[in-house]
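Sharing a model that was predicted from the sequence below.
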Amino acid sequence: MTQKKSYRLSELASHLGLKLVGDESCEISGLGTLANAEKGQLSFLSSPSYVDQLSGCRASAVILSEKFISRWDGNALLSESPYVAFAHASKLFVETKVPAPGVHPSAVVADDVNVPESASIGPNAVVESGVQLGERVVVASSCHIGANAVLGDGSVLKPNVTLYHGVRLGRNVVIHSGAVIGADGFGYAFDGERSIKIHQLGAVLIGDDVEIGAGTTIDRGAIDDTVIEQGVKIDNQVQIGHNCRIGEHTVICGCTAIAGSAVIGKYCVLGGATGVVGHIEIADGVQVSAMSLVDRTIKEAGVYSSGTGFMKTAQWKRSTIRFRELDSIARRLKELEKKTDTE
Amino acid sequence: MTQKKSYRLSELASHLGLKLVGDESCEISGLGTLANAEKGQLSFLSSPSYVDQLSGCRASAVILSEKFISRWDGNALLSESPYVAFAHASKLFVETKVPAPGVHPSAVVADDVNVPESASIGPNAVVESGVQLGERVVVASSCHIGANAVLGDGSVLKPNVTLYHGVRLGRNVVIHSGAVIGADGFGYAFDGERSIKIHQLGAVLIGDDVEIGAGTTIDRGAIDDTVIEQGVKIDNQVQIGHNCRIGEHTVICGCTAIAGSAVIGKYCVLGGATGVVGHIEIADGVQVSAMSLVDRTIKEAGVYSSGTGFMKTAQWKRSTIRFRELDSIARRLKELEKKTDTE
Amino acid sequence: MTQKKSYRLSELASHLGLKLVGDESCEISGLGTLANAEKGQLSFLSSPSYVDQLSGCRASAVILSEKFISRWDGNALLSESPYVAFAHASKLFVETKVPAPGVHPSAVVADDVNVPESASIGPNAVVESGVQLGERVVVASSCHIGANAVLGDGSVLKPNVTLYHGVRLGRNVVIHSGAVIGADGFGYAFDGERSIKIHQLGAVLIGDDVEIGAGTTIDRGAIDDTVIEQGVKIDNQVQIGHNCRIGEHTVICGCTAIAGSAVIGKYCVLGGATGVVGHIEIADGVQVSAMSLVDRTIKEAGVYSSGTGFMKTAQWKRSTIRFRELDSIARRLKELEKKTDTE
C-alpha cells in the first residue's frame, strides 16, 4: 500500500536546488529532527539556537546555512532558508498513495455531473446535481458535495467533508475531515417574542492553495459571499462566520472563532483560540497571540494580546477580586498624588 | 436545479403584510444591502445609523420605517421592524430545492421504521431500529439516526449529522452538518488510579423550532435528560454538556462551551466563545459578551463580561505582570491613604 | 430493541462487592439522583454536602458510606467510595445493544483486511488496505479507517469517526462521532511570500482505555508521532496539535486547545476551554481551571488559573481601561510610597 521512499543525496540536492557538501551517493530514506534523527535520515538546522545539537546528531545529512558548516562534519545541503528547504523536502517522503482515478461504485453522483478521467470519487461520496469538478480532484469517502458547488483543479477533500450547495473552491484547495463549508450563517431578527431566521442566500468562495483543517466550519454569506483569499491556511476547529473576508496568505491557528462580517487583512497570523468579534477590520500584517479577544478594529500592523497570564489559583482569586476595583484604585491613587503634591 | 425567484413588489407587500409606496409592478429578484444592492433587488434600512446610505442606494425598493420615507425617493415597503420584515422576505429567495420525498436506494433503514410518504431519506443515511420519523422530515446524506430516536414533523438534518440512540427532536428542528447530538456526557469517577466511566443513561430532548449549527455537540444526560427548550438558536461548534437545560428562545453564539448541569434561562444571549462552568444557573434575559467566562451563578438580567481587552503585546506583558501584584497594590494603596489621612 | 434491565439488590451488592443493609430481594431497575430518584431506583451519596437530601429520598436503595447509615432508614449498599461504586453500577443499566458481529453489506472493506468474527463493521463504513482490526472491535456507520491503521481489541468507533492512515489505537479505546484522528498537523514554512506545507510524516498513537469525545481532533506528528497515553479521557471538541504527548490518566475537558509539541504530565486535569501554547511542558498532577491560557511551562503540581472573572459590563469596561494603565499605576504607587516614607 505505502512505498518506502529513498533518494540519493545528490537527487535531493538537485530537486531542492541546494549545494551539496560531502557524499553524493549517500542514501536518504526519511527525515528526522537534529535530536532524534537516525542514520539514513536527513535533518535540518532551522534556527541558530539549535546549533549545539549538531555535535551529537546522527543524521546522514543536514540542511543548514553555509555559516554553520564549520560546526558539522557530516554531509550537508546548504540553504539560507533551511526550514523552507525542509518543507520542500518533506513532500518527497509522503507515504500515502494518491487515490486511483475513477468513481467508486458506491458513490452517488448526479447524472448531470461531468467527472474528469483524472478525478477520484471515493466510496459512499455524494455529488449533487450541477457540481463542477476540476482535473485531478479527490473527493474521499463519505464526502457530501452540495448542488452547484465548484471544485477547482487539484482540490482534495479528505473523508467526511461537507460542502453545502454553491460553495466554490479554487485550485489546489485541501480540506480535512469533518470540515463543513457553507452551512447557514447565524442570522436571526428578533421580533420581540422569537428569532426569525434570515435565510442565508450568499455562498462561500475559497481561493487557490487554501488549506482548511479538520472540523473547521466556514458559513455561507447572508446576501453576499464569505470569502477566503488565496494562500490562506486554516487550522482545525476554526469557525468563520458569514460574510467574513480573510486576506491572502493569512494563517489562522486552531480553535479560533471569527464572528460575522469581520474583515481580516493579508499576511496576518491569528494565534490559537483567538476570538474576533463581528463587523471589525484587522489591518495587513497583524499578529494576535493565543486566546486573545479582538473586540475592535486594528488599524496598524503589530503584535497584539489580551488576557491576564496564568498563575496559582489562590493568587489569581485575589487578583480577580481587585480587578473589579481597578477603576477605584486608579482614582484613589490620583487623589493621593494630588494630596501629596500640594503638601 | 435551482430556480431564480422573482416577485412583483405588490406580491411581496401582500406576503409580508406591509404598505407599499411606489410602483406596484416593480419586479424584485433578490435581496441586497443598502451599499451593494443592484437594480431589481430589495434592500432594507435596519438601523437609523445607515440612513445616509439611502441616498446612493441602487435597490429597486427598500423596506424602511415610515419616518425615513422622506429620505428615499424610490419604491418602499413600510415596516416598523424592517429587519424582521427582511428576515421574512429572505425566505422567499432561497434557491435550494427541498429534497424530493422518498428513501434513496443506498440508505439503510431498519425494517421496523415507518417512513412517511412526505419524508426524504438521503443517500447513505442510516436509520436504526425503533426510530420514529414525523411528516416531511429530511434526513440528508450520510446522517446516522440511532435506535429509538424521534424526529418531529418538519425536522431537517443536513448531511453528516449524527443522532445517538434515544435523542428526541420536536417539530421543525434544523441541525447542520457535522453536529453530534446525544454522545456520552463526560462523566468519570476517579478511583485513585484511573477514571471509571459513568455510563450515560439519559437522553437529549430538543424542543420545537430549535436550530443547531455545524459541528455543534450536545451530550446526553447522565441519568436525567439534557434539555434544549423551544425556539433556542445555537451557532456552530458550540458544546453543551450533559444535563444542561437551555431556556426557550435563548441564542448561543459560535464556539461557546457550556459545562455539565448548567441551567440557562429564557431569552438569554451568550456571545461567541463564551465559557459557562458546570452546576450554575443563569437568570432569564442575561446577555454575556464574547469570550467571557461565567464561573458563578447570575441571578439578575443584565449584561456581563470578562477579560482584559486586547492591546499591543509589549504593553500587555507589563500589565499581566502587574495583574499578579494587584492585591498587593490595593493593600499598599490603602495603607498610604491611611498614612496620608493621619498626617 | 432495548431491554429494560432489572436486578435484585443482592445481585448488585455481589457484583459491586459491597455490603448490603436491608432487603436483599428489593428489585432495582434504574439509577437516580437523591433528589429525583423514584421507587425501584438505586441512588448514591457522593458527598457529605448532600446528606440532607437522604431524608426526602424516594430511592429503593442508596449507595453510601457507613458513617451516614444512621441518616438513612431504607436499603443501603455500603461503600467508602460511593461515586466510584455508582460508576461501576451505571454499566449494568446501559440500554444500548452491542452491535451484532459481522460486516454490513454496504460497508467497503479492502480485500487484504482480516475482519475477526467477533468484530462489527457498520453500514457504509470504509476500511482501507492494510488495516488491522482486533477482536470485538466496533466500527459504526460511515466511519473511515485509513490505510494501515490499527484498532486494538475491544475498541469502539461511534458513527462518522475518521481515522487517517497509520493511526494506531490500543485496546478498549472509545471514539465518539465526528472525531478526526490523524489529520495533518498545522505546519508551514514561510518563504517570504507564501506558506510552504511541511508534510506531516508522523502518526498518532493512542493507548489503552482512552476515550475521545465527539468532534475532537488529534493531529498526526510532523516527523515523530503524537502520543496519547493509556487511560486519558478527552471530552468533546478538544484540539490536540501535532507531536503533543498527553500523560496517562490525564483528563481534558471540552473545547480545550493544545498547540503542537506540548508535553502534558500524568494525572492532570485541564478545565474546559483551556488553551495550552506549543512547545511547553506541564508537570504531573497539575490542575488548570476553565478557560485559562497556559503560556509557559508549569514545573510543579498545583492548581492554576487565568482570566479576570466576569462582572457587569459597565464595570468591566472601566476595569479593562485601567488594566492597560496597570504598570503605570504600580510605578506611581511605588513613587508615592517613597515620598511618604521620606517625609
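Perfect, I can see it now. Numbering: from 1, shown residues only, chains lettered A, B, ... in the order given.

near chain C, which residues of the stretch 51-200 of chain A show up?
Within reach of chain C by CB under 8 Å from any CB of the partner chain, the stretch 51-200 of chain A has these residues: A:81, A:83-84, A:86-88, A:90-91, A:93-97, A:104, A:106, A:122-124, A:140-142, A:158-160, A:176-178. In this view, the C-beta of every residue, glycine as well, is placed from N, C-alpha and C.

If we use 7 Å, what do you get?
Contacts of the stretch 51-200 of chain A with chain C, taken as CB under 7 Å from any CB of the partner chain, map to A:81, A:83-84, A:86-88, A:90-91, A:93-94, A:96, A:106, A:123-124, A:141-142, A:159-160, A:176-178.

Filter the residues you listed down to just the buried residues.
A:81, A:83-84, A:86-88, A:90, A:93, A:96, A:106, A:123-124, A:141-142, A:159-160, A:176-178 (16 or more other CB atoms under 10 Å in any protein chain shown).

picking that back up, of the residues of the stretch 51-200 of chain A next to chain C, which ones also sit close to chain B?
A:N124, A:S142, A:N160, A:G178.

Is the last one in a helix, a strand, or coil?
Spelled out, that is A:G178. Secondary structure state of A:G178, per DSSP: H, G, I helix; E, B strand; the rest coil, is coil.

Which residue, neighbours along the chain excluded, lies closest to A:T226?
Spatial nearest neighbour of A:T226, chain neighbours left out: A:V204 (4.7 Å); criterion: CB to CB, 6 or more residues apart in numbering or on different chains.

circling back to that earlier point, can the ones next to chain B among the residues of the stretch 51-200 of chain A next to chain C go into a markdown table with extra columns for pLDDT and secondary structure?
Below are these laid out as a markdown table (pLDDT from 0 to 100; DSSP: H, G, I helix; E, B strand; the rest coil):
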| residue | pLDDT | secondary structure |
| --- | --- | --- |
| A:N124 | 97 | coil |
| A:S142 | 97 | coil |
| A:N160 | 98 | coil |
| A:G178 | 98 | coil |
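
Up against chain B, what does the stretch 1-150 of chain A have?
So the stretch 1-150 of chain A meets chain B at A:V108, A:N124, A:V126, A:S129, A:G130, A:S142, A:H144, A:A147, A:N148 (CB under 7 Å from any CB).

Pick out whichever of those sits closest to C:E248.
The closest of the residues of the stretch 1-150 of chain A next to chain B to C:E248 turns out to be A:S142 (CB to CB; 32.9 Å).

who's in contact with the closest one?
Contacts for A:S142 (CB atoms under 7 Å, 6 or more residues apart in numbering or on different chains) come out as A:N124, A:A125, A:P159, A:N160, B:S142, C:N124, C:V126, C:S142, C:H144.

Over to A:A87?
Listed by CB under 7 Å, 6+ apart, the contact set of A:A87 reads C:Y188, C:A189, C:I196, C:K197, C:I198.

how close does A:E95 sit to A:L31?
Note on A:E95: its distance to A:L31, by CB to CB, to the nearest Å, is 12 Å.

In terms of distance to B:L336, which of the residues of the stretch 1-150 of chain A next to chain B ranks first?
The shortest approach to B:L336 among the residues of the stretch 1-150 of chain A next to chain B belongs to A:H144, at 66.6 Å (CB to CB).

Tally up the residues packed near the closest one, please.
Neighbour count of A:H144, defined by other CB atoms under 10 Å in any protein chain shown: 30.

Find the nearest non-adjacent residue to it, please.
The shortest distance from A:H144 to any non-neighbouring residue, by CB to CB, 6+ apart, is to B:P159 (3.8 Å).

In this structure the one you found contacts B:S141, no?
Yes. Using CB atoms under 7 Å, B:P159 makes contact with B:S141 at a distance of 4.5 Å.
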